[in-house]
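kindly return the folded structure for what I paste below:
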Amino acid sequence: MTTVRRRGAAALAASAVLGVAVASAASPAAAAPTPSPSAALPAGLYGTGDPTYDGVWRQALALLAQDTVGVTPAEKAVEWLTGQQCDNGAFAAYRADTKAACAAKLPLDSNATAAAVQALAALGGQDETVKKSVDWLTKVQNADGGWGYNPGGASDANSTSIVIGALAAAGAKPGEVTSKDGKSPYDALLTFATPCGGENGGAFVFQPKQPGIVADSTAAAVVAAKGEGLAAKAGAKDSGDSCEPAKTIEGAAHNGAVYLATALAKTGHLLTPPMPGSDDPSKKPDFGNTADAVVALTAQGMADRAKKPLEWLEANAADWAKESGPAAYAQLILAAEAAGADPKSFGTTDLVAGLNATGPEPRAEKASKDSDAAPDSDSGSGMWWFVGAFFAAAVGVGVLFGGRRKSQR
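Numbering: from 1, shown residues only. Next up, the predicted model:
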C-alpha cells in the first residue's frame, strides 16, 4: 500500500534530505522523462510517458484496478507485464529488451515485483509467474524480516508493506514468512512505528533513522498491518480516536490510522512535502497520498474518517489523474472501491473509462468515448513507489519515478 503501495511528490526530496539509499500504492517532484516523438512504446503498455522508471509499476496498478472493477484487461497488456519478469522471478522497473536475459547489473525492484504479483494473482491464470516472484521475494528478505527497495538495501516501511500485500495476494500468510533470524515482516514493520506524542506521533516512518515522508509510509503500513494489499477492502470498525501506547502491529496500525485521520481532518487532503533544501511547508495538495490514506483508513475500519478526503478527491482529483496517467487513475479507483464509492461516477469523472483509454482496449469492457477523463501523460502513482525509487538513485541504481511505489502530482 501505489503508491508503493504501496507507491509521491517527495521522492526527490527524500533522496536529498535523507541522504540514504533505498519506494507505492503512490508522485514525484519532477516529471518522468517523456520519450521523443519517434520513440515507440510497447503496444501492450499503459501510459504514454517514458516507462524507464515506472513501466512495471504503472502497468501492474492499471491491471489490478481494472480487475477490481470487473474489467478484463487486454491479453497483450497482461503479456507485456509477464514478459517483464526475469528468469529468477524478479522484476525491474522496466526492461526495454525482453528477448535478452536480465543483465547481472540490472537493478531488481522489490516494489515492482510485489505490485506485479498482486496484479497477476488477482487476474488468475499466472500461477507459475506469481510463484517465481514470491520465491524471489522470500529469498531477498532481510534478517529483520523486512525488505528494502533493492535486494540488500536496508528495510523500509514502504517496501516491506507492499511485499506483505504481495504475499497475501499469493495465498501466503505474511506473518509466517520469516527470515533466517526468525523475524517476520510484521516484526520489521513494527520497528517503523513511532510512539504517541509529538508532531508525527503514531505515524510509521520510512526507516527508523530516516523519517522520510510519514504520510506515505503510514498509509502503506496501516494497510499491510491488516494483511491487505493495494486493492484493500474495508476492515472491521475501529472507533478509537486516540493514539495509545502499542507493542503489537495491530495497535501500531490503529495509531497510524489516527495519525492519518488527524492530518486529513481540517482540509480533507494531505500536502506534498517541501522540495529539497527548502524549509517552507508545501501548500500543494498531495492527491496520490490522499487516495492512499482513504484506502488505509477504510482498511483499518475508520470509513467515517475517510469520507471527507474521498469527497475532496471526487471534487478535485480529475485533472491530476488526466495529467498523470494510468497509475493515478488506478489509485483513485482503488480508493473509491475500498470506500464504497462508484469509480465510474467519481465526481464528474468516469475513472474506469479514463484508465481504459490510457492503454489497449480491454476484452470485456470498452472505454467510454465521451469520457472527460482521457489520458494525457505517463504514469501517476503514490509515494510508495516514488520514495524507494529515489532512494535507489542515491545508491547509483538510477533515478526512479514513483508515485509506492512514481508521477507528477
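
what about the strands in the stretch 201-350 of the chain?
With DSSP state E, counting those that start in this stretch as the criterion, the stretch 201-350 of the chain has strands at 270-271, 285-286.

quick one: the last one to chain centroid distance?
Translated: strand 285-286. Centroid separation between strand 285-286 and its chain, computed with CA atoms, centre = their mean, to the nearest Å, is 16 Å.

report all helices and strands that that strand contacts.
Using 3 or more CB pairs under 8 Å, 6 or more residues apart in numbering; DSSP states H and E, the elements in contact with strand 285-286 are strand 270-271. No exception for glycine: its C-beta is placed from N, CA and C like everyone else's.

what strands flank the strand it packs on, and is each parallel or antiparallel?
strand 285-286 (antiparallel) (DSSP bridges).

avg pLDDT for the partner strand?
Strand 285-286 carries an average pLDDT of 96.

I'd like the numbering to begin with 47 instead of 1 from here.
From this message on, residue numbering opens at 47, which makes the last subject strand 331-332.

find the nearest non-adjacent residue to residue 329, please.
residue 317 (6.6 Å; CB to CB, 6 or more residues apart in numbering).

which one of the strands of the stretch 247-396 of the chain is the most hemmed in?
strand 331-332 (a mean of 24; mean count of other CB atoms under 10 Å).

tell me which stretches of the stretch 97-246 of the chain form helices.
101-114, 121-128, 156-169, 173-185, 203-215, 231-236 (DSSP state H, counting those that start in this stretch).

now do the last one: which elements does it pack against?
Using 3+ CB pairs under 8 Å, 6+ apart as the contact definition, the elements that helix 231-236 packs against are helix 203-215, helix 260-271, helix 295-311.

any idea which of those helices gets closest to residue 342?
Of all these, helix 260-271 sits nearest to residue 342, with 4.1 Å by CB to CB.

and the angle from the closest one to helix 295-311?
Angle, helix 260-271 to helix 295-311, by axes from the mean of the first three to the mean of the last three CA atoms, to 10 degrees: 140 degrees.

what's the spacing between residue 395 and residue 100?
Distance, residue 395 to residue 100, using CB to CB, to the nearest Å: 22 Å.

in terms of neighbours, single out the busier of the two.
Between residue 395 and residue 100, counted using other CB atoms under 10 Å, residue 100 has the larger neighbour count: 37 against 22.

and that one, what pLDDT?
Predicted confidence (pLDDT) at residue 100: the value is 97.

make sure it is actually in contact with residue 372.
No - distance between residue 100 and residue 372: 9.8 Å, which falls outside the contact criterion (CB atoms under 8 Å).

where does the stretch 47-196 of the chain have low pLDDT?
47-85 (pLDDT under 70).

what's across from the residue nearest to residue 329 in the sheet?
In this structure, residue 317 bridges to residue 331 when assessed by DSSP bridges.

that one touches residue 332, doesn't it?
Yes - Residue 317 is in contact with residue 332 according to CB under 8 Å; the separation is 5.7 Å.

can you check which residues contact both of those two?
Between them, residue 317 and residue 332 share no contacting residue under CB atoms under 8 Å, 6 or more residues apart in numbering.

let's have the strands of the stretch 247-396 of the chain in a markdown table, adding distance to residue 193.
Below are the strands of the stretch 247-396 of the chain laid out as a markdown table (distance: least, CB to CB, whole Å):
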| stretch | distance to residue 193 |
| --- | --- |
| strand 316-317 | 25 |
| strand 331-332 | 24 |
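
once you drop chain neighbours, what's closest to residue 393?
Residue 393 sits nearest to residue 360 (CB to CB, 6+ apart), 3.7 Å away.

related to what we said a few turns ago, need the helices of the stretch 97-246 of the chain in TSV (columns: distance to residue 294 and mean neighbour count).
Output for those, formatted as TSV (distance: least, CB to CB, whole Å; neighbours: other CB atoms under 10 Å):
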stretch	distance to residue 294	mean neighbour count
helix 101-114	29	31
helix 121-128	36	19
helix 156-169	24	31
helix 173-185	24	18
helix 203-215	15	33
helix 231-236	8	24
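
perfect, that will be all.
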